[in-house]
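[1] one predicted model, sequence on top.
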Amino acid sequence: TNADLDLSEEKKLKKGHSKGFYPLKFDSIDIQKKKYKSLRNCLCINKNGLYQFSQEEITREKLLSLLKLSPSLQKEKGKLSNENEKETKEKFLGKLIFAVNQPNKEELSGIIRDEIGKSNVPYSYEELYEIVLRWLESHELISITERKIKELYEDIKNNRSSYQEIQNKDINEEIKFAKSIAGREETPRFDRFLDFLIKGEGKKCLEVLKREGVNLTNMSSILSRAGALAPKAFRDLYDLWFNVEGKKTQYLKTLEKEGTNLANISSILSRAGANAPEAFKDLYDLWFDTEGNKKQYLKTLEKEGINLSNISSILHGAGANAAKAFKDLYDFWFDTEGSRKQCLKTLEENGISLPNMSGILSRAGANAAKAFKDLYDLWFNTKGKKTKYLKTLEEKRIDLINVSSILGGAGANAAK
């Protein structure tokens, strides 16, 4: 940034207005040190505006307490010792550099023009600008070699498009797919993911997905918001669905056998993003064993008239929290032996079956368990007796069956 870092003479942050402000201390960076070697050749950098957080014990301890692991690392936290967690944070702090008081747009332009004038570059500033712009927009993501510069320069001289090759390739579907997962175009993460899909290992994966009739919209819905982690999330999810020969794995075969397609799964795991592979496996492992046989959860629900189609309807949009949402709801309904809890018994006595309830909770998603509890607590007290709400309705000849019909599809807002 070309802004300043507001530091005191002791290189501590001057007091701000934010809640929980702490005067963190900084150290200037000496780029002559070996570990900063890569910064020495940066022509446009103000070497006096480079800082890192101080190694001072008080500052370091404060930072370690403030730093939180990313969601993906938090999933692994149970496997990390306190020392490993601290080491991860230390490594991050060791690589974090603040570059302040740097040249602004106009100053950068002037510096680059001066450097071009002092060197033997056979191109003008404007020509180099156009060359770089065409390279960045090409989606090719190869190094900008001397040969590539000459090719682009010839295109510019002859007023010729540099994108003919890529336009001839029908990659509109891949671009749309990459955009829905990695984010907007003309960003490094989008370009990396598109390159992965049209040139990298993702290309073969896409061919298999299309051959097997997988709707890419379903997959992109699940992986939406994966961002910079899009290539890994895509590959990990693909590997759960297909083996190295491109054949369906036990996961897909089992789901298809049970009448659950990827559209249903996409509905449940929508926007799971970078956590999609883990979210898919966690949910599957609650439902089936390694041989593809139904576990107690599904067996119990089926006895009550609830199938996977009903479940996918309830869990619509649960995303990365799908497995937890499913188990939380199940635990409200049944004990560890698969026997009904009092709430289900009370509902049944009043003419409400689980299929009725699943209709009410449709699209409740990650809030399904809370939605059920809130609604039940409005109807019955802790002893299973009707509350004043139900009593009043019954006086008006409106029973729970009528109410459940009215609330069909209310989802997370059922109680409200």
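    Happy to help now that I have it.
[2] which elements pack onto the host helix or strand of Leu378?
    For Leu378, the host element (DSSP states H and E) is helix 368-379. Helices and strands touching helix 368-379, by 3 or more CB pairs under 8 Å, 6 or more residues apart in numbering; DSSP states H and E, are helix 322-333, helix 388-395. Where you see a C-beta, it was placed from the backbone N, CA and C, and this is true even at glycine.
[3] which non-adjacent residue is nearest Ile111?
    Nearest non-adjacent residue to Ile111, counting by CB to CB, 6 or more residues apart in numbering: Cys44, 5.2 Å away.
[4] likewise Tyr376?
    Cys343 (5.5 Å).
[5] tell me the buried residues in the strand or helix carrying that neighbour?
    Under the criterion of DSSP H and E, Cys343 resides in helix 342-349. Buried residues in helix 342-349, counted by 16 or more other CB atoms under 10 Å: 343-344, 346-347.
[6] which residues touch the helix holding Leu378?
    314-315, 318, 325-326, 328-329, 331-332, 343, 347, 357, 360-361, 364, 386-387, 389-390, 400, 407, 411-415 (CB atoms under 8 Å, 6 or more residues apart in numbering).
[7] let's see 6 Å
    Helix 368-379 has contacts (CB atoms under 6 Å, 6 or more residues apart in numbering) with 314, 325, 328-329, 332, 343, 361, 364, 389-390, 412, 414-415.
[8] run the chain-centre distance for that helix.
    Relative to the chain's own centre, helix 368-379 is displaced by 29 Å; criterion: CA atoms, centre = their mean, to the nearest Å.
[9] let's number from 11 now, not from 1
    Sure thing, new numbering starts at 11, so read that last one as helix 378-389.
[10] what angle separates that helix from helix 332-343?
    What separates the directions of helix 378-389 and helix 332-343 is an angle of 30 degrees, with axes from the mean of the first three to the mean of the last three CA atoms, to 10 degrees.
[11] average pLDDT for helix 378-389?
    On average, the pLDDT along helix 378-389 is 95.
[12] show me the helices in the stretch 161-310 of the chain, by range?
    Using DSSP state H, counting those that start in this stretch, the helices of the stretch 161-310 of the chain run over residues 174-178, 182-192, 198-208, 212-221, 226-233, 240-251, 260-267, 272-279, 286-297, 306-313.
[13] and those helices, which one's lowest on average pLDDT?
    Minimum mean pLDDT among those: helix 174-178, a mean of 48.
[14] ok, back up a step: just say which of the helices and strands packed on helix 378-389 is most tucked in.
    Neighbour counts (mean count of other CB atoms under 10 Å) averaged over each of these peak at helix 332-343, with a mean of 20.
[15] check the offset of it from the chain's centre.
    That offset, for helix 332-343, works out to 22 Å (CA atoms, centre = their mean).
[16] please apply the same query to stretch 125-144.
    Taking mean C-alpha positions (CA atoms, centre = their mean), stretch 125-144 and its chain are 39 Å apart.
[17] ok, stretch 207-226 next?
    Using CA atoms, centre = their mean, the offset of stretch 207-226 from its chain centre is 20 Å.
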